[in-house]
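*Asks:* Fold the following.
(2 chains)
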Amino acid sequence: MKIKIGVGILIVVCFFFLLPEPEHISVSKKTTSNDTFHQSLSELNSDFILRNINLYDGEKLHHQVDIRIEKSRVVIVGINVSNENNLFEVDGAGRTVIPGLIDSHTHTWGNALELALNFGVTTELDMFTMPDFSRQHQKLRERLDNDQQADLFSATILATAPGGHGTEYGFNIPVIESVEQVEDFVTARIADGADYIKAVYDAPENPRKHFPSISRDILKELIRTTHNKNKMLVVHVDNLVSAHQAIDAGADGIIHSFMDKVADDAFVKLMKRRNAFIIPTLLVEASMVGLKPGEFILNDSESADYLSRMQRQQISASFMDFGIEENAFQRALASVAKLSKAGVTILSGSDAPNPGTTHGASIHAEMMMLVDAGLTPEQALHSATGAVSQTFNIGLRGTLKVGAPASMVLLEGNPLENIEQTRNIRAVWKNGKFYARKKYLSEQDLSPAIKPQMISDFNSDEKNTAFGAGITPTTDQFAGGKSIVALNWERKADQPKDKYLRVVGEVKAGFAFPWSGFSFIPGEDFSSGANLSQIESLSFEAKGVKDMQTLSVLVFQEGSFQPSSLNIPLEKEWKTFTIEFSQLQGIDLSSITNISLVESGKVGEFEFMIDNLRFD
Amino acid sequence: MNIVATESQPDLIKIYLLESKAEILKVIRSPGFTLPSLLFPVMFYLFFGVIFTMNAASMPTYLLATYGTFGVIGPALFSFGVGIAIERGQGWFELKEVSPMPASAYILGRVAVTFLFSVFTIILLFTIGAIFGEVRLQREQWLLLAVILTFGSIPFCAIGMALGLYLKSNSAPAVVNLLYLPMAFLSGLWVPINFFPELMQSVANFLPAYHLAQLGLKVVSMDSGQSVWLHIGILSLYLVVFSILALKAYTKKDKQ
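*Replies:* Below you'll find the model as predicted:
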């Protein structure tokens, strides 16, 4: 009988060796439900293979191929790409990969580059921002680990006349009054880090005048000087005659598809002959005549969740009435159609965050507008990827050619058949790193707004506060650190009835960013955010015990472990501090989970006192 | 195990083998048990997992794990639950009790039946999944799934044993079916659990079949993301609780 059992077991074992295995040796075996698929995508970082995808490399579509990424760069695109090093791989199951999108016309500051990446825009070409901002981000773009925001290229400050377009925003910017000033202006911009120069020009022949403009001679001098310094010059125009003169004078491209006239044959020929390009910014043109073609994104199921409240406001915002009739916009479309047919390079640009547009999301609407104007979906996609790469000096960005940083977007459908598929984003990689797209709460999901009031005067020993989940100790032990803290409710010597909170502890090394102190949880529990949109500031009385003691105020919003923080200097006397929430950067006050007052950074024992914590 | 085979000491292993063999022979000769236990899961899987599948890419794999679970808990519940109840009704149980055979052989014999049926069901399901459902798994996954399912039937043996000792022989088949089929459905063995409303999904957390299915699904990375230890813990809890219940029922019966 034992023999029979042995034979039985042998047969079962043989059976298991006959069972089929997947064709590719992969760690994640099959495309499963969307959740697990998404999960496996998020594990693709730096070195991986994405198989069985349609890949648009910025120039052409490859059907059913694999792409291998190593050290965050594209190594090979092909059929049955090998995997000797056992890289993590996922079957893309016929979805489409496109290069990270490029928005060729933005005004970039604040958290714009993060907003952009949230919608698969991995590069922004800024057309006027302050050098203080652009400089730091231009440095970052050289780094492969700059993977939580889009790369920035910038014109820095635009070239305009005194009182000209660009001066109306309240920044004190240098302007050009004479040909003699041009050399210094361009030199200064290049010192500021300008990747190209942008000028604003309005020809004297144009009957409608909005702003003063630099003269034609200054424009010519600008073009000459810029080209001498091996930079490109792009010109903002709002009418055909100015566009013609700019290109005729040697400008590399024009910005905005003018609405006064449809491009005539002479202009189209000139553009073609000079190999000049146009960034039509159709979305913002439509917005100028009161149309809102980009507004659908607010309710688009693929996009709505990923728009911040500020972005929603920007998309809904309107220009003041310029008195341009609505059908003037048709001329802008017609010009784009003519130029495109003639083979002139068209680049997608949103002009975000002008009214009606926003960073990231609006480039998808702009591509749709270009298709409306008569481009094929492939041409529209090219205008936001490969075409920019060919036109501007931005390396291999906008392509997925061998050696390009793996900034790419995985789409559910095929955008070359339907450009609307560019919004069907399944995954975004920036420099080879999977980017976890940020979701925002919609208006309806918000809890009722909290009114300005006292949070705690600390006169009761209870950790309870007037609202929310109360006061609790917080240290880096939560993150694996070793810092300690104790909270004591103590009486003031002079006013025995009035108590305060004495926080005593020790910041110990053991975690990269050690901290220790206390948290106030304004919501019902640790994870649900409180709506502080009606609160302007947090104030409290505080006192330290050492010289040069600082206290960090950290504000966390729902779904984020990255606080917005502010340091305040404590004194050895009680002093009232007021933290204006407007000082905190990039925080959505409608869902705040945690406000912490902590000692951080400096290792050692500490002690501070807090009283009368309130919202105003 | 120290087998010091003297003349007077019986060979335990031999008893186990013989009892298992007898038990298996008995079951094989009663097609009323054999055919439904083997055919039901296989037929269901063929219909819902392969032919009328909602998603050809993932359903066959998902349902392979869940119908596998369905397939192994059936024999466990019936061989123990119904089998013991009937043998008690026939007086056969008492006869075996007074025989010199140890009680452990009685239990092991039935475990052997359960395992044999589990392995058979698994082989059938895997064959259908591989050939008709185009399920492709790594060799380790195939093996691990089979091992988890086979040994996962043990807590259900305990449940069956407790039921068999409590229930009357004529009501046992009905009661076991009444537990088996709804539990299978509520545990997401027929239809993936995430198609259910939230409330039903949370009910599943209390059912042992759900936890065995989740362990199986973990092998193919399709589980609902709970910890392995939670599943193992709850299954062990069921095993312990029902073993104690069975023991209680057994001793109570003896006293009468």
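
*Asks:* Which residues of the stretch 51-200 of chain B lie near chain A?
*Replies:* Contact residues (Cβ under 8 Å from any Cβ of the partner chain) of the stretch 51-200 of chain B with chain A: B:55, B:57-58, B:61-62, B:119, B:123, B:126, B:130, B:135-139, B:141-143, B:146, B:194. Backbone N, C-alpha and C define where each C-beta goes, glycine included.

*Asks:* Could you tell me which of those belong to strands?
*Replies:* Among those, no member falls in strands (DSSP state E).

*Asks:* Centre of the chain to stretch A:409-423, how far?
*Replies:* 20 Å (Cα atoms, centre = their mean, to the nearest Å).

*Asks:* wait, does it contact chain B?
*Replies:* No: with Cβ under 8 Å from any Cβ as the criterion, chain B is not reached by stretch A:409-423; the gap is at least 14.3 Å.

*Asks:* What residues of that stretch count as buried?
*Replies:* A:409, A:410, A:411, A:413, A:414, A:415, A:416, A:419, A:420, A:421, A:422, A:423 (16 or more other Cβ atoms under 10 Å in any protein chain shown).

*Asks:* could you pull out the helices for chain B?
*Replies:* All helices of chain B, identified by DSSP state H, fall at B:12-28, B:31-44, B:59-76, B:83-90, B:92-98, B:103-131, B:139-152, B:154-166, B:172-186, B:198-204, B:208-219, B:228-255.

*Asks:* now those helices in CSV, with mean pLDDT, distance to residue A:280 and mean neighbour count?
*Replies:* Below are the helices of chain B laid out as CSV (pLDDT from 0 to 100; distance: least, Cβ to Cβ, whole Å; neighbours: other Cβ atoms under 10 Å in any protein chain shown):
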stretch, mean pLDDT, distance to residue A:280, mean neighbour count
helix B:12-28, 84, 78, 16
helix B:31-44, 81, 59, 16
helix B:59-76, 89, 47, 28
helix B:83-90, 86, 80, 19
helix B:92-98, 81, 88, 13
helix B:103-131, 89, 55, 20
helix B:139-152, 91, 53, 19
helix B:154-166, 92, 68, 25
helix B:172-186, 90, 59, 17
helix B:198-204, 83, 49, 13
helix B:208-219, 92, 51, 26
helix B:228-255, 88, 56, 15
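
*Asks:* With distance to residue A:229 as extra columns, can I get these in TSV?
*Replies:* Formatted as TSV, these follow (distance: least, Cβ to Cβ, whole Å):
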stretch	distance to residue A:229
helix B:12-28	91
helix B:31-44	75
helix B:59-76	61
helix B:83-90	92
helix B:92-98	100
helix B:103-131	67
helix B:139-152	62
helix B:154-166	78
helix B:172-186	74
helix B:198-204	64
helix B:208-219	62
helix B:228-255	64
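
*Asks:* So for residue A:212, which of those helices sits nearest?
*Replies:* Among these, helix B:198-204 comes nearest to residue A:212, with 64.4 Å by Cβ to Cβ.

*Asks:* residues in contact with that closest one?
*Replies:* Residues from elsewhere that reach helix B:198-204 (Cβ atoms under 8 Å, 6 or more residues apart in numbering or on different chains): B:186, B:187, B:188, B:193, B:194, B:196, B:210.

*Asks:* switch to 10 Å and redo it
*Replies:* With contacts defined as Cβ atoms under 10 Å, 6 or more residues apart in numbering or on different chains, helix B:198-204 is touched by B:183, B:185-189, B:193-197, B:210-211, B:213-214, B:224.

*Asks:* Can you name the two of these that sit furthest apart?
*Replies:* B:197 and B:211 (19.9 Å).

*Asks:* Go through the contacts of helix B:198-204 and name the one nearest chain A.
*Replies:* residue B:194 (7.9 Å; Cβ to the nearest Cβ).

*Asks:* from memory that closest one sits against residue B:214, does it?
*Replies:* No: the pair residue B:194 and residue B:214 does not pass the contact test of Cβ atoms under 10 Å, sitting 11.9 Å apart.

*Asks:* shared neighbours of those two, anything?
*Replies:* With Cβ under 10 Å, 6+ apart as the test, residue B:194 and residue B:214 both reach B:188, B:224.

*Asks:* hang on, the earlier thing: please convert the buried residues of stretch A:409-423 to CSV, extending it with pLDDT and secondary structure.
*Replies:* Formatted as CSV, these follow (pLDDT from 0 to 100; DSSP: H, G, I helix; E, B strand; the rest coil):
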residue, pLDDT, secondary structure
A:409, 96, strand
A:410, 96, strand
A:411, 95, strand
A:413, 89, coil
A:414, 92, coil
A:415, 95, coil
A:416, 94, coil
A:419, 95, helix
A:420, 93, helix
A:421, 94, helix
A:422, 95, helix
A:423, 94, helix
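
*Asks:* Give me the secondary structure label for the nearest residue to residue A:398 once chain neighbours are set aside.
*Replies:* Leaving aside its chain neighbours, residue A:398 sits nearest to residue A:389 (3.7 Å; criterion: Cβ to Cβ, 6 or more residues apart in numbering or on different chains). Under DSSP: H, G, I helix; E, B strand; the rest coil, the three-state class of residue A:389 is helix.

*Asks:* How many residues are close by the closest residue to residue A:588 other than its chain neighbours?
*Replies:* Once flanking residues are discounted, residue A:588 sits nearest to residue A:557: 5.4 Å by Cβ to Cβ, 6+ apart. Residue A:557 sits with 23 neighbouring residues when counted by other Cβ atoms under 10 Å in any protein chain shown.

*Asks:* Please apply the same query to residue A:345.
*Replies:* As a burial measure, residue A:345 scores 20 neighbours (other Cβ under 10 Å).

*Asks:* do you know how far the closest residue to it other than its chain neighbours is from chain B?
*Replies:* Distance criterion Cβ to Cβ, 6+ apart; nearest residue to residue A:345, sequence neighbours excluded, is residue A:277 at 3.8 Å. From residue A:277 across to chain B, the span is 43 Å (Cβ to the nearest Cβ, to the nearest Å).

*Asks:* which ones are touching residue A:277?
*Replies:* Per Cβ under 10 Å, 6+ apart, neighbours of residue A:277: A:104, A:232, A:234, A:247, A:252-255, A:271, A:339, A:344-347, A:383, A:387-388, A:390-392.

*Asks:* Just the residues you listed: which are in helices?
*Replies:* Using DSSP H, A:247, A:271, A:339, A:383, A:387, A:388, A:390, A:391 are the members of these that sit in helices.

*Asks:* Number of residues surrounding the third one?
*Replies:* Counted by other Cβ under 10 Å, the residues lying close to residue A:339 total 24.

*Asks:* Surely it and residue A:379 touch.
*Replies:* No: Residue A:339 is beyond contact range of residue A:379, at 11.3 Å (criterion: Cβ under 10 Å).

*Asks:* Mutual contacts of these two, please.
*Replies:* In contact with both residue A:339 and residue A:379: residue A:346, using Cβ under 10 Å, 6+ apart.

*Asks:* Quick check: beta-bridge partners of residue A:569?
*Replies:* Counting by DSSP bridges, residue A:569 forms beta bridges with residue A:550.

*Asks:* what's around it, how many residues?
*Replies:* Around residue A:569 there are 12 residues (other Cβ under 10 Å).

*Asks:* now residue A:525
*Replies:* Neighbours of residue A:525 (other Cβ under 10 Å): 9.

*Asks:* if I look at it, how far off is residue A:478?
*Replies:* Noted for residue A:525: a distance of 15 Å to residue A:478, by Cβ to Cβ, to the nearest Å.
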